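S.K.: test case, fold it:
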Amino acid sequence: MSQRISDEAVAGEPRSEHSSRRYGNVLPHNHKVEAPPKKTLFEDIKQSVKEVFFSDNPAKEFKDKTIGRKFVLGLESVFPILNWAKGYNFKSFRGDFISGLTIASLCIPQDIAYAKLANLDPQYGLYTSFVAPLVYAFMGSSRDIAIGPVAVVSLLLGTMLSNEIADIHSHDYLRLAFTATFFAGITQIGLGVLRLGFLIDFLSHAAIVGFMAGAAVTIALQQLKGLLGIVNFTKKTDIVSVMRSVWGTVHHGWNWETIVIGVSFLTYLLVTKYIAKKRKKLFWVAAIAPMISVILSTLFVYITRADKKGVAIVKHIKKGVNPASASEIFFSGKYLGAGARIGLIAGLIALTEAVAIGRTFAAMKDYPLDGNKEMVALGTMNIVGSLTSCYVATGSFSRTAVNYMAGCKTAVSNIVMSIVVLLTLLVITPLFKYTPNAVLAAIIITAVIGLIDIEAVILLWKIDKFDFVACLGAFFGVIFKSVEIGLLIAVIISFAKILLQVTRPRTIVLGKLQGTSVYRNIHQYPKASQIPGMLIIRVDSAIYFSNSNYIKERILRWVTDEDVQRTGSEMPRIQYLIIEMSPVTDIDTSGIHALVELFKSLQKRDIQLLLANPGPIVMEKLSASNLTHLIGEHKIFLSVADAVATFGA
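M.R.: Predicted structure coming up:
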């Protein structure tokens, strides 16, 4: 808001054009910093709501369309299959068919194993891989994600459910599992309908990496029960209790026949996984390895009758299609609150995993993925699942990777997988009777190893030490206490980082790069020179009630420190403080108050305050508060270069 001032400018006013041109070879300041047009309260709220909830403008496709066309678009929005099915052909079906068969061979043994993690009978894992993928295929927008039970969510459910009902074989335990699944679906569909998907982004990547790695270690350690043939095993999940339970039975509780079976097939599974990792075209070797392991181990136990020598087997898997379970859900009573709480946590974790997987593979194939539609699809499938004897399902990374490598084209691969699982439930389940638990343990260990991302942890250490600490906090919380505590630590650390960044933003001293009018951080660019009589500081954050006092005090400390450093040097004392406000996206009343206090403190030190490049929102609030008049409209500039050119020595 400054204007060019005449040569008769007094001290503290802008320099003449001649003196301005002497510094930095830039034109003198001759443009006003304009405040944007004023908006009404309604317009302001409307804009904010639009940016938060409707930034993708979902209604744009319906604009200027007939009622009939809007109805069709509405159906396609809810059921994306109606849109992409128009161009579906035999070539696409061939890819989906092969992919569906491949992931079915992987998911069937995994489902049986994961159900045990949730302390449920094996058929419930198969039920989940029959119903959930069918619902998702019609409503989901990802072409690659493979739906079903996953290890982390299964363990989380098993741990939290058993904390509420110790008797895992009781009917109430099963009912609570269905109740938690129902509320997981309600949570997910609620986030999607209310367009609150941004909430899951509050779990930082570092915390998720640590949580997943900790859960993987916990799951793998718990499989030592099946791998070693231990009968009496702790129900706790922390590493101390598990290892005490393992080594406490080494002389009398281990079964060598079970160990031979488990270790042999674990080695086979790990070798096939290594081969698939080294040679991408051989992905199918690892994909079918779990099914081959189940078939061979089952035949071996059946022929040798190793089950009579202490080898634990699956025994019985109920045959047939999912029975209805709507009447089993707790809609009242003492377990309603527990079911809602467990469902909320499980639903958020399942949602986080599914969205992360969906986004990853969508980026690889370069197609859009609507996060809110994904939440609605995942929520609907879990609600339907809770009514049909399923527990919480989500996207599986291992199966999705296999689905992608097998050449899937659309969600039809999920339909193919679902049909194969249905045939398994109708025909094949009795054949799994002699499947040894040791093989299921080996399958789970092989699957969860992929959740431990060492490279990501190393990268966290290199990039951000705070993220590394967050990762370790979540990791150790899971393995030394419980999955819930690890998750809680992950959430707390994620929020702590946000609060730290908001309450303690960076303030940086700027200097001028020689031969340019560019001003940069003097620590990043040591050759950048400071302007005699001036201190230039950039505030790298919005100024809110949470950080305004800190920013004011930090700037005053910069002024004090710089004055001390310049005392006795050739640099004159500070007469002008320039605040570069480009990164300041917003300011509230506390921020305005802090600037007023800063202005008064600087006046007492005989230092003038100059502002450079305030954004439209900030400028609007500065004008509304009359701070522009207090500071002086001629002391608010378009750039630091303008301020220096106008008030430079």
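S.K.: secondary structure element for the residue lying closest to Ala146 once chain neighbours are set aside, which one?
M.R.: Closest residue to Ala146 apart from its sequence neighbours, by Cβ to Cβ, 6 or more residues apart in numbering: Arg399 at 3.7 Å. The C-beta positions use only the backbone N, C-alpha and C, and glycine is treated the same way. Using DSSP states H and E, Arg399 sits in helix 397-405.
S.K.: show the average pLDDT along that helix.
M.R.: The average of the pLDDT scores along helix 397-405 is 89.
S.K.: cool, stretch 453-468 as well?
M.R.: Per-residue scores along stretch 453-468 average to 90.
S.K.: what's next to it, contact-wise?
M.R.: By Cβ atoms under 8 Å, 6 or more residues apart in numbering, the surrounding residues in contact with stretch 453-468 are Ser204, His205, Ala206, Val209, Gly210, Met212, Ala213, Cys471, Lys497, Leu500.
S.K.: before we move on, back to that, the residue nearest to Ala146: what's it in contact with?
M.R.: With Cβ under 8 Å, 6+ apart, Arg399 has these contacts: Ile103, Leu106, Cys107, Gln110, Ala146, Gly148.
S.K.: recalculate using a threshold of 10 Å.
M.R.: Contact partners of Arg399, counting by Cβ atoms under 10 Å, 6 or more residues apart in numbering, are 102-104, 106-107, 110, 129, 133, 145-148, 150, 287, 357, 413-414, 417, 447.
S.K.: the helices in the stretch 351-500 of the chain, which residues?
M.R.: For the stretch 351-500 of the chain, the helices defined by DSSP state H, counting those that start in this stretch cover 371-386, 397-405, 412-423, 437-449, 454-463, 465-480, 483-503.
S.K.: so which of these is the most packed in?
M.R.: Highest mean neighbour count of the helices of the stretch 351-500 of the chain: helix 437-449, a mean of 26 (counted as mean count of other Cβ atoms under 10 Å).
S.K.: which strands or helices does it pack on?
M.R.: Counting contacts by 3 or more Cβ pairs under 10 Å, 6 or more residues apart in numbering; DSSP states H and E, helix 437-449 packs against helix 90-117, helix 151-164, helix 205-222, helix 224-228, helix 256-278, helix 283-304, helix 397-405.
S.K.: low-confidence ranges in the stretch 101-250 of the chain?
M.R.: Within the stretch 101-250 of the chain, the segments meeting pLDDT under 70 span 198, 201.
S.K.: how does it look with 50?
M.R.: Applying pLDDT under 50 to the stretch 101-250 of the chain flags no residue at all.
S.K.: could you dump the contacts of stretch 453-468 into a markdown table and include distance to Pro436?
M.R.: Converted to a markdown table, these look like this (distance: Cβ to Cβ, whole Å):
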| residue | distance to Pro436 |
| --- | --- |
| Ser204 | 40 |
| His205 | 38 |
| Ala206 | 38 |
| Val209 | 33 |
| Gly210 | 33 |
| Met212 | 28 |
| Ala213 | 28 |
| Cys471 | 36 |
| Lys497 | 45 |
| Leu500 | 50 |
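S.K.: give me the buried subset of those.
M.R.: Taking 16 or more other Cβ atoms under 10 Å as the criterion, what is buried in the contacts of stretch 453-468 is Ser204, Ala206, Val209, Gly210, Met212, Ala213, Cys471, Lys497.
S.K.: can you lay out those as CSV showing distance to Ala363?
M.R.: Below are those laid out as CSV (distance: Cβ to Cβ, whole Å):
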residue, distance to Ala363
Ser204, 19
Ala206, 20
Val209, 18
Gly210, 23
Met212, 19
Ala213, 23
Cys471, 23
Lys497, 24
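S.K.: which one of these is nearest to Tyr114?
M.R.: Using Cβ to Cβ, Met212 comes nearest to Tyr114 of these, at 15.4 Å.
S.K.: show me the domain layout of the protein.
M.R.: According to the TED database, the chain comprises the domains 90-495, 505-648.
S.K.: among the ones you listed, which is the most enclosed?
M.R.: Stretch with highest mean neighbour count among those: domain 90-495 (a mean of 21; mean count of other Cβ under 10 Å).
S.K.: chain center to that domain: distance?
M.R.: Centre-to-centre, domain 90-495 and its host chain are 18 Å apart (Cα atoms, centre = their mean, to the nearest Å).
S.K.: that'll do, ta.
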